[in-house]
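In: Fold the following and give me the result.
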Amino acid sequence: MSLRFSVLASGSTGNAFYIESGDEKILVDAGLSGKKVEGLLDQIEVDPHDLSRILVTHEHSDHIKGLGIMARRYNLPIYANEKTWQAMEGQLGKLTTDQKFHFNMEETRTFGGIDIESFAVSHDAADPMFYTFRKDGKKVSLVTDLGYVSERIKKTVEGSDALIFESNHDVSMLRMGRYPWNVKRRILGDSGHVSNEDCALALTDILDDQTKRVYLAHLSLDNNMKELARMSVQDVLQERGFEIGRRIELHDTDPAYATPIYDL
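Out: Residues are numbered from 1 along each chain as shown. Prediction:
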C-alpha cells in the first residue's frame with residue numbers, strides 16, 4: 001500500500017489532516033471538537049478506533065481543540081516536540097504517560113513504513129513544525145501556518161506528489177477588513193500567515209514534474225474566498241508557464257467538509 005490522504009478540515013476555525021498506508025492511520029492535528037473530528041473521519045469512511053496516532057504541528061486552538069478528547073476516547077499516542085508539549089499540555093486534560101511522545105524538530109521517524117520528516121516554520125507559536133510523508137517513492141507535504149516560505153522549506157517540500165499549502169488571505173481584503181490593526185499586522189508579519197499571492201510565488205519555486213495536486217489550505221473565513229484563492233494562485237502559475245488543470249490540479253479545502261480520500 002502506498003499513501004492515501006484527506007484534508008479533513010482546513011481554515012481559521014479548525015484544522016485536521018489524515019494520512020494512511022495499510023494499517024498505519026495517522027491524524028495530524030485535531031483542531032475541532034471530538035464530535036466534529038469523528039464526523040469528518042466518517043465522511044471518508046475511516047473508523048477512529050483504527051487510528052494509530054496523532055501528530056501535532058503547534059499548540060494553537062484551531063489545531064488542538066479536540067486533541068485531548070480524541071486521545072482519551074480512542075487511547076491514542078500523541079507526538080509533538082518538547083516546547084509544543086509545554087505550551088499545550090495544560091489545555092488537553094488528563095493523559096496517561098504512555099500517550100505522550102516527543103517528535104523533535106528536524107527529525108525523521110518511521111511509522112508503518114511511512115517516513116515522516118518534521119520541519120520548522122515561522123509562526124507565532126512555541127515551536128511550530130509541519131511534516132512531509134514518504135512511502136514507496138511517493139511524497140505528501142503539509143505546510144500551513146507560516147509567515148513566509150523560506151528557501152529551506154521550499155527544498156524540503158519540493159518533489160511532492162501532493163502538496164497541502166497555505167493560501168490564507170487576500171491582502172486587500174485583510175487590509176480593508178474588520179480586524180484591528182494589531183491583528184492585521186500579526187497576520188501580515190513574518191510569523192503570521194501566507195497570502196494568496198505569496199503562496200503562488202512560492203509554488204512557482206517548488207512545483208516540478210513530480211507534483212500533480214496542490215490543495216490550497218488554511219483559508220481565512222473573513223479575509224479570503226475559495227474562488228479568489230484559486231484564481232489568484234492559478235493566474236500567477238499560468239503566467240509562469242504551469243499548465244493548471246492538465247499537468248497540475250488545484251483543489252479547494254474546507255473547514256467543515258473533508259476532501260475525498262486520494263490514493264497516490
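In: Quick one: residues contacting the spatially most central residue of the chain.
Out: With distances taken as Cα atoms, centre = their mean, L142 lies nearest the centre of the chain, 4.5 Å away. When the contact criterion is Cβ atoms under 8 Å, 6 or more residues apart in numbering, the partners of L142 are F17, V28, T57, F130, Y131, T132, F133, I164. For glycine as for every other residue, the C-beta is placed from the backbone atoms N, C-alpha and C.
In: ok, so of these, who is nearest S2?
Out: F133 (10.5 Å; Cβ to Cβ).
In: which one is D205 nearest to, not counting chain neighbours?
Out: Once flanking residues are discounted, D205 sits nearest to K154: 5.3 Å by Cβ to Cβ, 6 or more residues apart in numbering.
In: May I have the secondary structure class of the one you found?
Out: Using DSSP: H, G, I helix; E, B strand; the rest coil, the three-state assignment for K154 comes out as helix.
In: Test my guess that it contacts A202.
Out: Yes - here K154 lies in contact with A202, judged by Cβ atoms under 8 Å, at a distance of 6.6 Å.
In: residue boundaries of the strands in the protein?
Out: Remark: strands assigned in the chain by DSSP state E are 4-9, 16-21, 24-28, 53-55, 78-80, 100-102, 108-111, 114-120, 129-135, 138-143, 162-166, 213-217, 249-252, 262-263.
In: What strands line up against the fourth one, and which way round?
Out: With DSSP bridges as the criterion, the sheet partners recorded for strand 53-55 are strand 24-28 (parallel), strand 78-80 (parallel).
In: Would you reformat the ones you listed as TSV and include distance to R53 and mean pLDDT?
Out: Shown next, in TSV, are those (distance: least, Cβ to Cβ, whole Å; pLDDT from 0 to 100):
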stretch	distance to R53	mean pLDDT
strand 24-28	6	98
strand 78-80	6	98
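In: Quick check: nearest residue in space to L174, chain neighbours excluded?
Out: N223 (4.3 Å).
In: could you list every residue that touches the one you found?
Out: Neighbour list for N223: N168, H169, D170, M173, L174, G177, Y179, I187 [criterion: Cβ under 8 Å, 6+ apart].
In: Can you go through the residues you listed and name the buried ones?
Out: The neighbour count (16 or more other Cβ atoms under 10 Å) marks N168, H169, D170, M173, L174, Y179, I187 as buried among these.
In: now, which of the residues you listed sits nearest N196?
Out: Checking the buried ones among the contacts of N223 against N196 by Cβ to Cβ gives D170 as the nearest, at 5.5 Å.
In: Go ahead and confirm L216 touches V233.
Out: Yes - using Cβ under 8 Å, L216 is in contact with V233, at 6.3 Å.
In: Give me the more crowded residue out of the two.
Out: L216 (29 against 24; other Cβ atoms under 10 Å).
In: any idea how far that one is from N168?
Out: 9 Å (Cβ to Cβ, to the nearest Å).
In: between those two, what contacts are shared?
Out: The contact lists of L216 and N168 share C199, where a contact means Cβ under 8 Å, 6+ apart.
In: buried stuff in the lengthiest helix in the chain?
Out: Determined from DSSP state H, the single longest helix within the chain is helix 226-239. With burial defined by 16+ other Cβ under 10 Å, the residues of helix 226-239 counted as buried are L228, A229, R230, S232, V233, Q234, V236, L237.
In: Distance check, I114 against V171.
Out: From I114 across to V171, the span is 36 Å (Cβ to Cβ).
In: can you check D50 too?
Out: For D50, the distance to V171 - Cβ to Cβ - is 42 Å.
In: out of the two, which sits in the busier spot?
Out: Taking other Cβ under 10 Å, D50 and V171 do not tie; V171 has more neighbours (16 against 11).
In: follow-up on the earlier one: want to throw the strands paired with strand 53-55 into CSV with distance to R247?
Out: Below are the strands paired with strand 53-55 laid out as CSV (distance: least, Cβ to Cβ, whole Å):
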stretch, distance to R247
strand 24-28, 27
strand 78-80, 35
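In: Done for today, thanks.
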